[in-house]
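Participant: All I have is the shape, not the residue letters:
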């Protein structure tokens with residue numbers, strides 16, 4: 001499996017965290033699922049070959065994944081079954097405060113789901129899909145996406161939730177909200193509509209991803225040290241939170257971690 005990140009052009013860096021590609025040859029594929037852990041971002045996913053299949057734990061039915069879809073916020077891990085043929089994926093990872101300002105879609109309706117891009121009702125999205133699929137390489141695909149997003153380059157961040165992501169902490173929300181001139185209820189309403197989940201759940205997601213980053217880097221810290229470093233009350237609280245988001249405890253996570261992946265964090269099963 002080969003996963004790669006690619007930075008957007010400078011004018012688009014406030015909209016897109018990065019473009020990504022994922023390739024897996026048929027000879028490397030097997031029946032073991034991979035796991036996607038919530039990261040707080042929103043992705044456009046373009047399958048240039050056969051698509052993977054998603055298994056959302058909270059959904060009674062799991063409709064077949066389309067060739068071009070959007071991943072909204074997810075509240076806990078999602079297992080992905082890879083196709084038996086070669087996997088070739090191109091993705092766009094949007095910042096969590098970006099999607100609503102561009103799509104004007106209630107992001108809460110995308111939470112814990114992936115839907116076809118055409119379901120967003122965006123102008124010319126079908127044409128963009130065709131261009132991505134027919135492109136001859138990564139540079140051409142990136143150019144198509146950036147050209148499509150060019151009307152939004154000058155979107156003002158002052159009216160988005162972007163300032164809150166760096167100013168609101170998990171443990172002193174009310175103090176910081178006072179400085180920002182917004183009430184708790186209003187913030188929760190905006191997060192539900194513009195991000196798709198509550199601010200507290202989003203911050204918990206970020207905290208788990210910070211721990212995952214430490215585990216990936218092989219930092220020589222005990223689990224107790226990690227728990228206090230990331231402001232958990234105790235180790236057991238940290239383990240419960242970690243298992244809720246990843247489906248595994250930290251030790252199991254380290255044994256299952258996919259060293260060549262990022263979007264597909266874990267090889268499980």
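Facilitator: That came in fine, so what should we check first? This is a predicted model, so every value here is computed, not measured.

Participant: What segments of the stretch 151-269 of the chain are strands?
Facilitator: Secondary structure of the stretch 151-269 of the chain by DSSP state E, counting those that start in this stretch: the strands cover 266-267.

Participant: do you know how far the closest residue in space to residue 214 that isn't next to it in sequence is from residue 132?
Facilitator: The shortest distance from residue 214 to any non-neighbouring residue, by C-beta to C-beta, 6 or more residues apart in numbering, is to residue 226 (6.1 Å). Quick note: C-beta positions are derived from backbone N, CA and C, even for glycine. As defined by C-beta to C-beta, to the nearest Å, residue 226 lies at a distance of 40 Å from residue 132.

Participant: Stretch 224-243: which residues count as buried?
Facilitator: 226-227, 230, 232, 235, 238-239, 241-243 (16 or more other C-beta atoms under 10 Å).

Participant: Also stretch 77-93?
Facilitator: Under 16+ other C-beta under 10 Å, the buried positions of stretch 77-93 are 77-83, 86-93.

Participant: Show me how the record splits the chain into domains.
Facilitator: 2-155+261-267, 158-194, 199-248 (automatic domain parsing).

Participant: so where do the helices sit in the chain?
Facilitator: For the chain, the helices defined by DSSP state H cover 99-103, 125-134, 138-149, 162-167, 173-180, 184-194, 199-217, 223-229, 235-246, 250-256.

Participant: Give the rounded mean pLDDT of the third one.
Facilitator: If I follow you right, that is helix 138-149. What helix 138-149 shows for mean pLDDT is 97.

Participant: what's the answer for the last one, then?
Facilitator: Averaged over helix 250-256, pLDDT sits at 83.

Participant: got it, and the second one?
Facilitator: Helix 125-134 shows an average pLDDT of 95 in the prediction.

Participant: For that helix, give me every contacting residue.
Facilitator: 46, 48, 67-68, 90, 117-118, 141, 144-145, 148 (C-beta atoms under 8 Å, 6 or more residues apart in numbering).

Participant: do that again at 10 Å, thanks
Facilitator: 44, 46-48, 66-68, 70, 90, 92, 103, 116-119, 122, 124, 140-145, 147-149 (C-beta atoms under 10 Å, 6 or more residues apart in numbering).
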